[in-house]
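> The following comprises the amino acid sequence and a computationally predicted model.
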Amino acid sequence: MDFFIDIFLHIDQHLITLVQEYHEWTYALLFLIIFCETGLVVTPFLPGDSLLFVSGAVASLPGMPLEISLLMMVIFIAAVLGDSCNYLIGHYFGKKLFSQPDSKIFKQSHLEKTHHFFQKYGGKTIIIARFVPIVRTFAPFVAGM
């Protein structure tokens, strides 16, 4: 089990091996990780940013079966669907979670920081948030509330 957790959390370090062994299944794995990072409020710890950089670099290596155009499309669709899922979670469960105290996974301060960021920048938050840690995870969630 530790092996799978290590690969999932440090996929950027294991990506070349995964691409060489699983070829097209790598797209599905990358889709899943990016979707979970952007779509599930409880998974902001996933290495999405470094994974994007490393997957692009790996795709550019000679002999790698990843195509950069397909990779970009898969990652884009995963991010859009993930943000949409996060928005819906915020829409249906946002007010309930906003009134709950801190838990091990969900910090009230992160939600409040994002809420203030959203009030300050409005709809631009969805674009700007891509470059701001913590806010990136909760921006679609707060937009759905």
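All right, it came through fine.
> Residue 19 versus residue 82, what's the distance?
Distance, residue 82 to residue 19, by CB to CB, to the nearest Å: 22 Å. Every residue, glycine included, has its C-beta placed from N, CA and C.
> tell me, what residue is most central in the protein?
residue 37 (2.5 Å; CA atoms, centre = their mean).
> Helices along the protein, start to end?
For the chain, the helices defined by DSSP state H occupy 2-9, 11-22, 25-39, 48-60, 68-98, 108-121, 125-128, 135-144.
> The fifth one: which residues count as buried?
Neighbour counts using 16 or more other CB atoms under 10 Å place 71, 74-75, 78-79, 82-83, 85-87, 89-90, 94, 97 of helix 68-98 among the buried residues.
> what about the residue nearest to the centre of the chain, distance to residue 86?
10 Å.
> Could you do residue 52 as well?
18 Å.
> Would you reformat the helices of the chain as JSON lines and include mean pLDDT?
Shown next, in JSON lines, are these (pLDDT from 0 to 100):
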{"stretch": "helix 2-9", "mean pLDDT": "72"}
{"stretch": "helix 11-22", "mean pLDDT": "82"}
{"stretch": "helix 25-39", "mean pLDDT": "90"}
{"stretch": "helix 48-60", "mean pLDDT": "84"}
{"stretch": "helix 68-98", "mean pLDDT": "90"}
{"stretch": "helix 108-121", "mean pLDDT": "82"}
{"stretch": "helix 125-128", "mean pLDDT": "82"}
{"stretch": "helix 135-144", "mean pLDDT": "82"}
